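>>> Using only what follows, build the 3D model:
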Amino acid sequence: MLIVRGVNVFPSAVREVVNGFQPQVSGHILVRPRRAGVKQDPPLPVAVELAPDAPQDQALAESIRERLRAVLVVQTQVDLVPHGSLQRSEYKSKLVETRGT
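The predicted model follows:
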C-alpha cells in the first residue's frame, strides 16, 4: 500500500480499475513510486501494458488516468508500455517497483 496525499492506494485496486479498459490493455500494471517509502507525492507513476497489437493512444492513457482519479481519488501519471514489456510471474505478480529493484 502507498499513501498519496493522505489517500491509501492499493496497487491491486489500481489493477482492478485498469482491467476495466480491456481489451485495449493486457491488465498488467506496475506502480513506480518516485522515492522509497510508503508516502508518495502526486502524481503516482503507473505503467499500463497495452494489449497485443494495440496502438499507443494518448487518449486511452488520459481515460485511464481520469478513471483512476474518479474511483480511487488519486492523481496518477499513466504511461502506456508495449505488450510483453512488464515482467510476468507464475505466482503473484509484482505490482510495485521501488528504486533499485
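
>>> For the longest helix along the chain, C-alpha coordinates in CSV please.
Counting residues, the longest helix found in the chain (DSSP state H) is helix 58-72. Only the C-alpha atoms of helix 58-72 are listed here, as CSV (Å, rounded to 0.1, in the frame of the first residue of the first chain):
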residue,chain,number,x,y,z
GLN,A,58,-2.7,9.1,-25.5
ALA,A,59,-6.5,9.4,-25.2
LEU,A,60,-6.5,5.9,-23.7
ALA,A,61,-3.9,6.9,-21.1
GLU,A,62,-5.9,10.1,-20.3
SER,A,63,-9.1,8.0,-19.9
ILE,A,64,-7.3,5.6,-17.5
ARG,A,65,-5.9,8.5,-15.5
GLU,A,66,-9.3,10.1,-15.2
ARG,A,67,-11.0,6.8,-14.1
LEU,A,68,-8.2,6.2,-11.5
ARG,A,69,-8.8,9.7,-10.1
ALA,A,70,-12.6,9.2,-10.1
VAL,A,71,-12.6,5.8,-8.4
LEU,A,72,-9.5,5.9,-6.2
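
>>> hey, where'd the helices end up in this protein?
Along the chain, the segments classed as helices by DSSP H run 11-19, 58-72.

>>> ok so, going back, can you give the distance of the longest helix of the chain from its chain's centre?
How far helix 58-72 lies from its chain's middle: 10 Å, per CA atoms, centre = their mean, to the nearest Å.

>>> quick one: average pLDDT of that helix?
Averaged across helix 58-72, pLDDT comes to 97.

>>> Summarise which helices and strands it is packed against.
helix 11-19, strand 44-50, strand 76-81 (3 or more CB pairs under 8 Å, 6 or more residues apart in numbering; DSSP states H and E). Backbone N, C-alpha and C define where each C-beta goes, glycine included.

>>> What are the buried residues along that helix?
60-61, 64-65, 67-68, 72 (16 or more other CB atoms under 10 Å).

>>> quick one, it and strand 44-50 angle?
Following axes from the mean of the first three to the mean of the last three CA atoms, to 10 degrees, one obtains 130 degrees for the angle between helix 58-72 and strand 44-50.
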